[in-house]
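> Sequence first, then the predicted structure, then my questions.
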Amino acid sequence: MTDRPAVRDKTMTPDEVAARLESGMTVGIGGWGSRRKPMALVRALLRSPVTDLTVISYGGPDVGLLAAEGRIARLVTAFVTLDSIPLEPHYRAARQRGAFALTEIDEAMFMWGLHAAANRLPFLPVRAGLGSDVMRVNPTLRTVTSPYEDGEEFVAMPALRMDAALVHLDRADRRGNGQYLGPDPYFDDLFCEAADTAYLSCERLVEPAELTKGGAAPQTLLVQRHSVTGVVEAPGGAHFTSAVPDRPRDEAFQRMYAAAAADPVAWAGFRARFLPPDGDESSYRRAVDAWHEEQK
Amino acid sequence: MNAAEGPAEGITTEGSTAADATRAEYCVIACAEAWRGNGEVLASPMGAVPSVGARLARLTFAPELLLTDGEALLVGPDGEVEGWLPYRRHLALVTGGRRHVMMGASQLDRFGNQNISCIGGWEQPARQLLGVRGAPVNTLNNPVSYWVPRHSPRVFVERVDMVCGVGHDNARAAGPSATRFHRIPQVVSDLGVFDFGTPDRSMRLVSVHPGVTVDRVREATGFALTVPADVPYTRTPTPAELRLIREVIDPSGTRDREVRV
């Protein structure tokens, strides 16, 4: 048997991830709306002193929580929603008090910005934005003219390059290979490739061989280890957003969150119970379980 | 009511008659009609009534339509999976043009500009809504119709606060790349059906739903609407369509929670 060099073990805790983030960074957050958001990593970020962030997200409660805590200097997004509850109360309140700068772009512009960043291009042309107020509210956006016979004019969507990306997948190994088992990859691989560092939390950490055991299709192996800096095992790490097939969205908890978020007194209670400064991810899980017990 | 489809023809053994069609069911028919003749494109309905309408069209006069499960799958009207459509492929399908979406609108103006982002000044809005979402890419790439469940001057405004979906005036001003695939076939509200078949591509009344007067539409619209001399009623659902709506597609009555008359 030959001596093989040990494969680097990239596992870390949510708080170790947060410790690697710095104020002023540009941080991308994977998932979509209230679906497969890396909430354990977001909660760790909330426990850290990191602030003044530029956040890039197809927004859900990740944006709501960071906005409520005043951690966002600029948000880059096409929407913020809780899906089954259309409007995110914290986000609404933050926007209505002018709490941070906004780069509001279309969903497709956002996707092409990720592609440009992942491909080390300064921009990609898109037929979106022209004629809309996306151009008015983003005065630095430029257009580009096709060099071919058609001569068409497009928006030159700038690359959405980030210092760090946070994503949550269903399975991962210690080296940083990540697998999604739900129906939609969202854009999590692109987030990782568009970032200088990327942190991947997962429902379950498994041995590499286990990722394809039982016939799992190789195309479920969404994120490759060369684009991942750290791996966090966080069962329920997307809570209360969905992480299907392992966990559906916790609709009851989300309703309670949204109601609390719309009322300052209720929010103080929510925060003290579920997100105390001296808490961690396991105390959050215990608090959630206790809350569900009370609802029975 | 259309004489050719009067109530006498509508009596069926199931007890559904055209005469007792509700306003919500006329809205369903009007939405379904938006996809007539579209061919093999994705029908993307946003809202309960357009969703029932899209499935009705798929089950009757537009069997080629593609439907989604609201997540990442293409499905038949009874849920049978026939394809995969995660967000990134959905966006590619939008830009490829093989889709006709019926979006909602918090505000809609006479040239078809639509707003779902915010009310008031954008820098610090009075009311933050969803955000522009995919409206800019939708309107420049695939046909976009609109559904408004509560027609009022607060929705049908002279000028939208934030142009998300691009209307005819703004598309024209933005040039050929914006107008090349720009198409707004139809607007459906709880009062009637509208299009942009006027010389300056501003909104025109096409039909009113039975029980609605032209004056009521005018009063509920915050801009000058083109109204032809003769305004017909929206097509009456056939007994077979009513049965599909009530018994197959929407037995729990989601349409009635969106349109209450």
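Good, I have the coordinates. Residues are numbered from 1 along each chain as shown, chains lettered A, B, ... in the order given.

> Report the contact partners of the closest residue to residue B:23 other than its chain neighbours.
Computed as C-beta to C-beta, 6 or more residues apart in numbering or on different chains, the closest residue to residue B:23 that is not its neighbour in sequence is residue B:261, at 3.7 Å. In short, each C-beta sits where N, CA and C put it, glycine included. Counting by C-beta atoms under 8 Å, 6 or more residues apart in numbering or on different chains, residue B:261 touches B:22-24, B:190, B:211.

> So which elements touch the helix ranked longest in chain A?
Longest helix in chain A by number of residues, with DSSP state H as the criterion: helix A:281-295. Contact analysis of helix A:281-295 by 3 or more C-beta pairs under 8 Å, 6 or more residues apart in numbering or on different chains; DSSP states H and E lists helix A:39-47, helix A:251-261, helix A:264-274 as its packing neighbours.

> Could you list the residues in contact with the second one?
Which is helix A:251-261. With C-beta under 8 Å, 6+ apart, helix A:251-261 has contacts from A:34, A:61, A:64, A:68, A:82, A:84-85, A:88-90, A:93, A:239-240, A:266-267, A:269-270, A:288, A:291-292, A:295.

> Identify each buried residue in it, please.
For helix A:251-261, the neighbour count (16 or more other C-beta atoms under 10 Å in any protein chain shown) marks A:253-254, A:256-258, A:260-261 as buried.

> ok, residue A:220 touching residue A:181?
Yes - counting by C-beta atoms under 8 Å, residue A:181 is a contact partner of residue A:220 at 6.1 Å.

> For residue A:184, see how far away residue A:75 is.
Distance of residue A:75 to residue A:184, given as C-beta to C-beta, to the nearest Å: 23 Å.

> Ramachandran angles for residue B:253?
phi 80, psi 40 (degrees, to the nearest 10).

> Share the number of residues neighbouring it, please.
Residues contacting residue B:253 under the criterion other C-beta atoms under 10 Å in any protein chain shown number 14.

> Pull up the per-residue confidence for it.
With respect to pLDDT, residue B:253 has a value of 97.

> same deal with residue A:4?
Listed pLDDT for residue A:4 reads 78.

> How many neighbouring residues does it have?
6.

> doesn't it fall inside a helix?
No - judged by DSSP: H, G, I helix; E, B strand; the rest coil, residue A:4 forms no part of a helix; its state is coil.

> how near is it to chain B?
The gap separating residue A:4 from chain B is 37 Å, by C-beta to the nearest C-beta, to the nearest Å.

> Equivalent analysis for residue A:20, please.
Applying C-beta to the nearest C-beta, the value for residue A:20 to chain B is 28 Å.

> pLDDT below threshold where in the chain?
Just going to use chain A. Scanning chain A for pLDDT under 70 picks out A:1-2.

> was after chain B, sorry
Along chain B, the model assigns pLDDT under 70 to residues B:1-19.

> now the strands for it?
Along chain B, the segments classed as strands by DSSP state E run B:42-45, B:67-68, B:73-75, B:81-84, B:99-103, B:107-108, B:114-115, B:118-119, B:127-128, B:144-148, B:187-189, B:192-195, B:204-208.

> Chain A now?
Ranges of strands in chain A, per DSSP E, are A:26-29, A:53-57, A:72-77, A:101-104, A:123-126, A:142-145, A:153-158, A:162-172, A:178-179, A:195-205, A:230-233.

> and the first one, what does it pack onto?
In terms of contact count using 3+ C-beta pairs under 8 Å, 6+ apart, strand A:26-29 is assigned the packing partners strand A:53-57, strand A:162-172.

> ok, and what's touching that strand?
Strand A:26-29 has contacts (C-beta under 8 Å, 6+ apart) with A:21, A:37-38, A:42, A:53-57, A:62-63, A:160-167, A:191, A:194-195.

> Same question for the third one.
Taking contacts as C-beta under 8 Å, 6+ apart, the residues outside strand A:72-77 that touch it are A:24, A:51-59, A:63, A:66-67, A:94, A:99-105, A:110, A:160, B:131.

> repeat for the fifth one
Contacts made with strand A:123-126 from outside it, assessed by C-beta under 8 Å, 6+ apart, are listed as A:108-109, A:112-113, A:115-116, A:144, A:146, A:154-159, B:137.

> Could I have the ChimeraX command that selects the buried members from those residues?
Selecting only the buried entries of the contacts of strand A:123-126 in ChimeraX, with 16+ other C-beta under 10 Å as the criterion:
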select /A:108,109,112,113,115,116,154,155,156,157,158,159 /B:137
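
> chain center to stretch A:281-296: distance?
Chain-centre distance of stretch A:281-296: 23 Å, with C-alpha atoms, centre = their mean, to the nearest Å.

> actually stretch B:32-51, not the one I wrote
So, by C-alpha atoms, centre = their mean, the centroid of stretch B:32-51 is 8 Å from its chain's centroid.

> and stretch A:179-192, how far apart are its ends?
With C-alpha to C-alpha, to the nearest Å as the measure, stretch A:179-192 spans 13 Å from end to end.

> from what I can see residue A:42 touches residue A:166, true?
Yes - counting by C-beta under 8 Å, residue A:166 is a contact partner of residue A:42 at 7.1 Å.

> In terms of packing, which of these two has more residues around it?
The residue with more neighbours, out of residue A:42 and residue A:166, is residue A:166; 36 against 29, by other C-beta under 10 Å.

> and that one, what does it touch?
The contact partners of residue A:166, taken as C-beta under 8 Å, 6+ apart, are A:17, A:27-30, A:38, A:41-42, A:45, A:191, A:198-199, A:201.

> repeat for residue B:65
Residue B:65 makes contact with B:35, B:38, B:40-43, B:54, B:57-58 under the criterion C-beta under 8 Å, 6+ apart.
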